[in-house]
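1. sequence unavailable; structure follows:
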């Protein structure tokens, strides 16, 4: 947090928006009118538009005790871009609305926006509008993202077919283990005045939680290799929950192999230290922002040697349900943690 | 509120969304994929897309003591559609995100959604997505609306020209007077156990606050009469604030005549009863959701006899500032109530 503190009231609502958005430069030719009017205007050139929205609440989705505001701004954008990529689309614009209490200074909001702009820059999207208002308590963030996709090239969750291969990008469970670590260090800090957090050698899992990326590269790879996944979604609530979404919406079952689920060595290391099962972390832990997708077997050769893409199972008949085959060869039904799994 | 109470936890997050959105029927051919995936998909047919977003916080923007949930749902949508119309565009899709504490039951949320669907039906828009999450305290509503406009037919705030006529639709100040009335009755109710609110003959102002409409008809009138306003915005923060926006963004001044500002007789009646100046209510009171627009003098004949459109002044040089000429012939600078005027 910077040392200077400017009260938000010195700028007023409109002054604040002007102040925080004055340096916006549009990166997309489709952005015709941006921040500063009743609405933004976007052109489409015969493409289809994808829209997604997310609401983040302090104390539910993030804890400002261990989340730097710049990272929070970055992640708020990433979470929505990830949903756009999960439709096989390219994000183009975002809107951002904030509700803030007067415990925040202008400098604190500038840090938050620094992260927002960093994400917009990194992914080539334009911030085109929003709303800033006061809250009675806590920080509320609402992001809506728009994206473009060539007509009928979008990929839904509901179109997986029996015998398709189930794939994931990257590694799973890391963000959840980062959350456990930071919650533990927070507890120690609160109980032992002045204790410094012990995050040594935990950069990977902390980074997965605090500075996630969206898998733009995977969508670009699909384009380049002429692959259209048969279904896709992003992994924000944990692998098991997302597999069940695909199965329910596609009217199928699935078989997943435990030994194929990719967990990063640094994440495994911390899980073992806590005597947690890394597979359980991958299945139930959220916020990895990787992609879960299915492809037809005909595309297997195109992905089998690609680093960062793992085939973890296949789509089965609905009557078979969604099951996982463990390393020991046992078969279990996959169950989802539903509502607020982290709070139980 | 209905008598049955179903805990939200019995449905779970995804069950809740399914339950609340299961009867959606799309009204726009451009809506290709709606609720239930990572993002919605929208087609554009060579039009331009308008996007706007709004965040409503319990205790800041609404008080559930006197706001029925159905009305709140309706108004949440209207507030955003009004911004789309204010761009001279036709709204087509909305997304809705909610954060709710467990004091709300499923039945309470159903009432809220009833209002949302009623607004969507009345204005021909499709609910295409959203997010439902828990809040630690209070009810948070985030709506994003998309609309379509023929290429380059959108109308901005920044394009008013000197000598253009300044016009408003409908009546102003009514919603603000409704708010004063309901706040007064709430106070009496809280201080005098069992006191019943006295809202007799106040249907008009209460309705203006609790069940506003967006001025779709005015945009349709422009289309029919081939009028393109030179600038436009909706009146959500009070006439004075909006006039100053137009002047600032257009680099102009304005002259407004007090005796031309339209205030409904029922609103005037209540203002006089409270010894309030109706003009002050129109200038500072928010949430009327009327349109403020400017037209070139050449279009004057097309609107001069139209019921529900008032010419209230003209655009002046920037050096003249934004001024109001009172009934008594005095001239004052227009000043805006800025940040959260109602809370002062």
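-> The structure has been received and is ready for your questions. Please read these numbers as outputs of a predicted model, since none were measured by experiment. Residues are numbered from 1 along each chain as shown, chains lettered A, B, ... in the order given.
2. isn't residue A:240 up against residue A:285?
-> No - using Cβ atoms under 8 Å, residue A:240 makes no contact with residue A:285, being 9.8 Å away. All C-beta atoms are positioned from the backbone trio N, CA, C, and that covers glycine.
3. give the buried residues for the host helix or strand of residue A:222.
-> Per DSSP states H and E, residue A:222 falls inside helix A:216-225. Of all the residues in helix A:216-225, those buried under the rule 16 or more other Cβ atoms under 10 Å in any protein chain shown are A:216, A:218, A:219, A:221, A:222.
4. where do the strands sit along the stretch 151-300 of chain A?
-> A:165-169, A:231-235, A:253-257, A:290-295 (DSSP state E, counting those that start in this stretch).
5. list just the nearest of the buried residues of helix A:216-225 to residue B:30.
-> residue A:219 (23.3 Å; Cβ to Cβ).
6. what's the nearest residue to that closest one once chain neighbours are set aside in contact with, if anything?
-> Spatial nearest neighbour of residue A:219, chain neighbours left out: residue A:85 (4.9 Å); criterion: Cβ to Cβ, 6 or more residues apart in numbering or on different chains. For residue A:85, the contact set (Cβ atoms under 8 Å, 6 or more residues apart in numbering or on different chains) comprises A:91, A:147, A:214, A:215, A:216, A:218, A:219, A:234, A:291.
7. let me see the domain layout of chain A.
-> Annotated domains of chain A cover A:8-149, A:165-343 [automatic domain parsing].
8. most tightly packed of those?
-> Across these, averaging neighbours per residue (mean count of other Cβ atoms under 10 Å in any protein chain shown) puts domain A:8-149 on top, at a mean of 21.
9. what helices or strands is the helix-or-strand element of chain A with minimal mean pLDDT leaning on?
-> When each helix and strand of chain A is scored by mean pLDDT, DSSP states H and E, helix A:12-21 comes last, with a mean of 72. Counting contacts by 3 or more Cβ pairs under 8 Å, 6 or more residues apart in numbering or on different chains; DSSP states H and E, helix A:12-21 is packed against helix A:106-123, strand A:126-134.
10. which one of the ones you listed has the lowest average pLDDT?
-> Mean pLDDT is lowest for strand A:126-134 out of the helices and strands packed on helix A:12-21, coming in at a mean of 85.
11. and it, what does it pack onto?
-> So strand A:126-134, by 3+ Cβ pairs under 8 Å, 6+ apart, packs with helix A:12-21, strand A:31-33, strand A:40-42, strand A:90-100, helix A:106-123, strand B:48-57.
12. quick one: strands adjacent to the third one?
-> Each strand that strand A:40-42 pairs with, and the sense of that pairing, follows from DSSP bridges: strand A:31-33 (antiparallel), strand B:48-57 (antiparallel).
13. mind listing what the nearest residue to residue A:66 once chain neighbours are set aside touches?
-> Among residues not flanking residue A:66 along the chain, residue A:182 sits closest, at 4.5 Å (Cβ to Cβ, 6+ apart). Residue A:182 makes contact with A:63, A:66, A:197, A:206, A:209 under the criterion Cβ under 8 Å, 6+ apart.
14. contacts only, for the third one.
-> Taking Cβ under 8 Å, 6+ apart as the criterion, residue A:197 is in contact with A:66, A:182, A:185, A:186, A:188, A:189.
15. about what we covered before: quick one, which of the strands of the stretch 151-300 of chain A is nearest to residue B:110?
-> Per Cβ to Cβ, nearest to residue B:110 of these: strand A:231-235, 27.1 Å.
16. follow-up on the earlier one: would you list the strands paired with strand A:40-42 in CSV and tack on distance to residue B:310?
-> Listed next are the strands paired with strand A:40-42 as CSV, based on distance: least, Cβ to Cβ, whole Å:
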stretch, distance to residue B:310
strand A:31-33, 27
strand B:48-57, 25
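17. least confident of those strands, on average?
-> Among these, strand A:31-33 scores lowest, with a mean of 75.
18. who touches it?
-> Under Cβ under 8 Å, 6+ apart, the answer for strand A:31-33 is A:39, A:40, A:41, A:42, A:43, A:92, A:93, A:126, A:128, B:48, B:154, B:156.
19. out of those, which two sit at the greatest distance?
-> Within these, two members stand farthest from each other by Cβ to Cβ: A:92 and B:156, at 20.2 Å.
20. wait, which of the contacts of residue A:85 is closest to residue A:161?
-> Looking across the contacts of residue A:85 and measuring by Cβ to Cβ, the closest to residue A:161 is residue A:291, at 18.0 Å.
21. for the closest one, which non-adjacent residue is closest in space?
-> Nearest to residue A:291 is residue A:169, by Cβ to Cβ, 6+ apart, at 4.6 Å.
22. for residue A:172, same thing?
-> residue A:282 (3.7 Å).
23. sorry, back to before: and the contacts of residue A:85 as TSV, adding distance to residue A:193 and pLDDT?
-> Compiled in TSV, the contacts of residue A:85 are given as follows (distance: Cβ to Cβ, whole Å; pLDDT from 0 to 100):
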residue	distance to residue A:193	pLDDT
A:91	44	92
A:147	47	90
A:214	39	97
A:215	42	97
A:216	43	97
A:218	45	97
A:219	48	97
A:234	40	95
A:291	43	97
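24. ok, of these, which one's closest to residue A:164?
-> Ranked by distance to residue A:164 (Cβ to Cβ), the contacts of residue A:85 are led by residue A:291 at 14.6 Å.
25. which bits of the stretch 101-250 of chain A sit near chain B?
-> Contacts of the stretch 101-250 of chain A with chain B, taken as Cβ under 8 Å from any Cβ of the partner chain, map to A:128-131, A:133-138, A:140, A:142, A:144-147, A:149, A:151, A:154, A:156-158, A:232-234, A:245, A:249.
26. can you rerun that using 6 Å?
-> Residues of the stretch 101-250 of chain A lying close to chain B by Cβ under 6 Å from any Cβ of the partner chain are A:131, A:133-137, A:140, A:142, A:144, A:154, A:156-157, A:233-234.
27. okay, and residue A:323 sits in which element?
-> Secondary structure assignment for residue A:323, by DSSP H and E: strand A:322-325.
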